[in-house]
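Q: What follows is a predicted protein model with its sequence.
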Amino acid sequence: MDNVNLLVKKAQNNDLSAFEELVRLYQNKVYALCNHLAGNRDDALDLAQEAFIRAYRGLGSFRNEADFGTWLHRITVNVWLNSKRKKNGQALVSLDEPYRGDGGGEIQRDVAAGDGDPLRALEEKEFRGLVRTALDSLSEEHRAVLVLREIEGYSYEEVSRMLGCSLGTVKSRLSRAREAMKRKITELARENGEYLPAGKERR
Amino acid sequence: MDCRETQLLISLHLDGELSKDEEAALAGHLAACEACCRELALQERLASALRELSREEAQAPPELCGLVMSRLRAERKAALAWLPAAWRKAVASAAAVLIIAGGAAGVTAGLKMAGGGKMIGFETPVKMDADAGGSTAQVNEAASGAGNPVGPPGEAGASGNNGQGVLAPGNNKGNDISSPVPAGNGADTAKPGNTGGNTSPSGQASIPTDEPRALLSSNMKITSTVLKVAVGDLAEARAKAVALAAGAGAATQVFPEQNGDKKIVIIRLTIPSDRAPNFIADLAGIGTLYDRMDESRDITFQYNETLVQYYDLQSRISSSHNAEEQRQLENLASSYKQQLDTLMATAGKRVIMLWLEGR
C-alpha cells in the first residue's frame, strides 16, 4: 500500500513511468469491472483505457485516505455511465421511479407466477450464462449497482459514494435491480424453451 | 408486511443490512408466504451466480497498458510543444536585457543596416539553400535585380558604414564576424550568416545580430532536456544549480514560478553539447530526479521561414513612406530578429530546462 501511495504521489507529479506502474498493478482489477459493465471485450478494453486516462487527468483529486483501486473503479463506473448517457442522448433518470406507480400488486402476482419455476430446471452453468445475458440487458443504472454490489462486493456506503447517490437510493435501486434481474432471467429461460408457461406471464 | 415490502427486505437481507427486528419481521412473513420464500431462494441463487461471475478470469488484455501509456505520452508531447515557444519568449526577454546591458547592439543595428538598404533586394529570397558560394551569388543577383529601391551603390555603402558605427559598441565579442564588412558588398555579406551556424559559444549575444544571413541548408538542431528534480530546500537548490552552471560555463536564466501552492523554480541552462552529459548528471544530483525528457528539434525549417519573413519585412519597411507604419514594421522585424538570434545561439547546444520543485 505504501508502495502504491508512493507511486501515486510520483504520478501526481507527472511521472508517467510511475503511472505506468499503477496501470500494471490495477489493470486486471479495472478491466474486470469494465468487462462486467460493458459485457464484451472490445468495449471493455475501450472503457478501461478511457478510465485510466481520466484517472491520470484526475490524479490531483485523489487523496490518500481512499483506496486507489476503489477510486479507479469509481472513475470507471462514471466514465461508463456517462458514455451510455451520451449515447442514449438522454439522462437515465426515472429508473428508480417507474415501478412505484405500478403498485405492489404486480410484484405479488409476479412472485406468485413462479409456480412452475422455469429456472429450477436449469443447470447451474446454464443459469449463470443466463445471468450474464440478463445482466447485459438491464438498464445501465441497475447494472452498475448490481455489478458494484454483487460482483465487486462493495458496501452500500462505497456504492453510494461511487455512484454519487444517497444510501437510501442505493438500497431501493438494488432491490429494483434484483427484481428486474429476476424478471429478465425468467423471461430468458422461457424464451429458451426451458419452460412452457403454466400461468399468466407478466413482462 | 406485504410482499412488496418484503422485496426490499429480501434485498437488504442478502446484503446483511437488516437490523435484528427487521430480520425477525422478514422471517415472520416468509413463514407465511411461499411466494416470497421462492423469491428469496431465487435471489440467493442469482446473487451467488453473480458472485461467481467475479471469479471468472479477469486478465486485462496485454495491450491495455501500452494503449493507455501511448495515449498519455502523445498528449504530453502535444503539451510539451508549447515549451520551445515559451523558451523562445523567455530568451527573447533575456536578449532584451542583454541588449540593454550591452548597448543596443543587436536589433537596432540590424534594422538600421537593413533600413539603410543592405538587405532590401531580398524581396523574394527564394531558395537560397546552399553553401556560402551559392547563396552569395544569388544574393547578389537578387540585390541587383530587385534592388531598385536600394539606391545608388554609394548610398548603400554610406548607410552600411553608418550601421557599423552603431554596431561597434556592442560588438566586442563578435568582432571577427561583423567588423570587416565592406558595406554594400554582397559577396561578403552572405558569409557571416553561414558561419553563424557553428558559432563559438562566446559569441552568443552578438553574433547573429548584424549581418544579412543566408538560409540554412544543413540541419540546425536544438536538443533540449527537461529535468524535474524534487528538492528539500528550493532556495538552496537554486543556488547550487546556478553555482554548478557557473562552474560548467553554462548560460543561466532563472524563472521563479508558482504552480498552485507548489513552489517551483525553472532554470534554463545552455551548454555546449559535449559538456552536457556530465552537467546533467550534476544537476540531477541536486535533489531527487523524478522525470527527464529529451527532445531534439530540427529548427532549420523554422529558421528559414522566419528569415524569409524577416527579409520580407525589411523590404516592406524600406518601401513604406509612412513613418507610423515603418515603426510598426520595425517592431515586428525586431521580434523576428530576436527569434533568429535565439535560434542561432541555441543551435548545436544543449538546452536544459531544470525544474526544481520543493518537496
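A: Here it is on my side, so go on. Numbering: from 1, shown residues only, chains lettered A, B, ... in the order given.

Q: separation between the residue nearest to the spatial centre of chain A and residue B:72?
A: Residue closest to the mean C-alpha point of chain A, counted by Cα atoms, centre = their mean, is residue A:144 at 2.4 Å. Residue A:144 sits 26 Å away from residue B:72, taking Cβ to Cβ, to the nearest Å as the criterion. (Glycine included, C-beta is placed from N, CA and C.)

Q: residues contacting residue A:55?
A: A:71-72, A:75 (Cβ atoms under 8 Å, 6 or more residues apart in numbering or on different chains).

Q: For those residues, give me a markdown table that also has neighbour count, secondary structure and pLDDT.
A: Formatted as a markdown table, the entries for those read as follows, by neighbours: other Cβ atoms under 10 Å in any protein chain shown; DSSP: H, G, I helix; E, B strand; the rest coil; pLDDT from 0 to 100:
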| residue | neighbour count | secondary structure | pLDDT |
| --- | --- | --- | --- |
| A:71 | 19 | helix | 94 |
| A:72 | 23 | helix | 95 |
| A:75 | 23 | helix | 94 |
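
Q: How about residues contacting the helix or strand residue A:9 falls within?
A: Secondary structure from DSSP states H and E places residue A:9 in helix A:2-12. The contact list for helix A:2-12, computed with Cβ under 8 Å, 6+ apart, reads A:18-19, A:21-22, A:25, A:56, A:59-60, A:62, A:64, A:68, B:290.

Q: Average pLDDT for that helix, rounded please.
A: Helix A:2-12 shows a mean pLDDT of 88.

Q: follow-up on the earlier one: go over the secondary structure and confirm the residue nearest to the centre of chain A is in a helix.
A: Yes: the assignment for residue A:144 by DSSP: H, G, I helix; E, B strand; the rest coil puts it in a helix.

Q: Bridge partners for residue B:293, pull those for me.
A: Taking DSSP bridges as the rule, residue B:293 bridges to residue B:226.

Q: What is the burial count for the nearest residue to residue B:242 once chain neighbours are set aside?
A: If the residues on either side of it in the chain are set aside, residue B:242 comes closest to residue B:252, at 5.8 Å by Cβ to Cβ, 6 or more residues apart in numbering or on different chains. Number of residues near residue B:252 (other Cβ atoms under 10 Å in any protein chain shown) recorded here: 19.

Q: which SSE is residue B:252 in?
A: When secondary structure is defined by DSSP H and E, residue B:252 falls within strand B:251-259.

Q: of the contacts of helix A:2-12, closest to residue A:165?
A: residue A:62 (21.0 Å; Cβ to Cβ).

Q: Next, work out how far apart the closest one and residue A:69 are.
A: 11 Å.

Q: Tell me how many other residues crowd residue B:311.
A: Neighbours of residue B:311 (other Cβ under 10 Å): 25.

Q: Could you do residue B:249 as well?
A: Residues near residue B:249, counting by other Cβ under 10 Å: 13.

Q: What of residue A:145?
A: Neighbour count for residue A:145, taken as other Cβ under 10 Å: 31.

Q: so where is the stretch 201-350 of chain B shaky, pLDDT-wise?
A: Counting by pLDDT under 70, the ranges of the stretch 201-350 of chain B that qualify are B:201-219, B:255-262.

Q: Any buried residues in the host helix or strand of residue A:29, and which?
A: If you go by DSSP H and E, residue A:29 is part of helix A:16-38. Residues of helix A:16-38 classed as buried: A:16, A:18-23, A:26-27, A:29-38 (neighbour count, 16 or more other Cβ atoms under 10 Å in any protein chain shown).

Q: sec struct for residue B:268, please.
A: Here residue B:268 is strand, with the state taken from three-state DSSP.

Q: so it sits right up against residue B:242, yeah?
A: No: the pair residue B:268 / residue B:242 is not scored as a contact, 11.6 Å apart, by Cβ atoms under 8 Å.

Q: Find the residues that touch each one of the two.
A: B:252, B:254.

Q: quick one, which of those two is more surrounded?
A: Counted by other Cβ under 10 Å, residue B:268 and residue B:242 do not tie: residue B:268 has more neighbours, with 21 against 16.

Q: Is that one bridged to anything, and to what?
A: residue B:253, residue B:353.

Q: mind listing the strands in the stretch 251-359 of chain B by residue range?
A: For the stretch 251-359 of chain B, the strands defined by DSSP state E, counting those that start in this stretch occupy B:251-259, B:262-272, B:288-298, B:349-358.

Q: still on that earlier bit, buried residues in the helix holding residue A:9?
A: Buried residues in helix A:2-12, counted by 16+ other Cβ under 10 Å: A:4, A:7-11.

Q: for stretch A:157-166, same thing?
A: Buried residues in stretch A:157-166, counted by 16+ other Cβ under 10 Å: A:158-163.

Q: Next: stretch B:310-326.
A: B:310-318, B:326.

Q: what about residue A:191, neighbour count?
A: Counted with other Cβ under 10 Å, residue A:191 comes out at 11.

Q: To clarify, my last question referred to residue B:51.
A: Residues lying near residue B:51 (other Cβ under 10 Å) number 13.

Q: Is it in a helix, a strand, or coil?
A: Assigned with three-state DSSP, residue B:51 falls in the helix class.

Q: What are the neighbouring residues in contact with it?
A: Taking Cβ under 8 Å, 6+ apart as the test, what residue B:51 contacts is A:150-151, A:153.

Q: Recalculate using a threshold of 10 Å.
A: By Cβ atoms under 10 Å, 6 or more residues apart in numbering or on different chains, the residues touching residue B:51 are A:150-153.

Q: Could you list the domains of chain A?
A: For chain A, automatic domain parsing gives the domain ranges A:2-88, A:100-191.

Q: Dump the ones you listed into a markdown table; add distance to residue B:344 as well.
A: Formatted as a markdown table, the domains of chain A follow (distance: least, Cβ to Cβ, whole Å):
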| stretch | distance to residue B:344 |
| --- | --- |
| domain A:2-88 | 32 |
| domain A:100-191 | 56 |
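
Q: Comparing these by mean pLDDT, which bottoms out?
A: domain A:100-191 (a mean of 80).

Q: Now for residue A:155, how many residues are close by?
A: Close neighbours of residue A:155, defined as other Cβ under 10 Å, add up to 14.

Q: let me redo that: residue B:32
A: 9.

Q: Give me the pLDDT value at it.
A: Note for residue B:32: predicted pLDDT of 88.

Q: residue ranges with poor pLDDT in the stretch 1-150 of chain B?
A: Using pLDDT under 70, the stretch 1-150 of chain B drops low at B:57, B:77-150.

Q: Identify the residues contacting residue A:173.
A: By Cβ under 10 Å, 6+ apart, the residues touching residue A:173 are A:95-96, A:141-142, A:144-146, A:149, A:159-160, A:163, A:165, B:11.

Q: any chance of the residues you listed in JSON lines, plus distance to residue B:247?
A: Below are the contacts of residue A:173 laid out as JSON lines (distance: Cβ to Cβ, whole Å):
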{"residue": "A:95", "distance to residue B:247": "69"}
{"residue": "A:96", "distance to residue B:247": "69"}
{"residue": "A:141", "distance to residue B:247": "64"}
{"residue": "A:142", "distance to residue B:247": "68"}
{"residue": "A:144", "distance to residue B:247": "60"}
{"residue": "A:145", "distance to residue B:247": "64"}
{"residue": "A:146", "distance to residue B:247": "65"}
{"residue": "A:149", "distance to residue B:247": "63"}
{"residue": "A:159", "distance to residue B:247": "60"}
{"residue": "A:160", "distance to residue B:247": "60"}
{"residue": "A:163", "distance to residue B:247": "58"}
{"residue": "A:165", "distance to residue B:247": "61"}
{"residue": "B:11", "distance to residue B:247": "72"}
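
Q: Check which helix or strand residue B:60 maps to.
A: Using DSSP H and E, residue B:60 sits in no helix or strand.

Q: I figured it hits residue A:47, correct?
A: No: in this structure, residue B:60 is not within contact of residue A:47 by Cβ atoms under 10 Å, at 11.5 Å.

Q: Mutual contacts of the two, please.
A: Common neighbours of residue B:60 and residue A:47, using Cβ under 10 Å, 6+ apart, are A:30-31, A:34-35.
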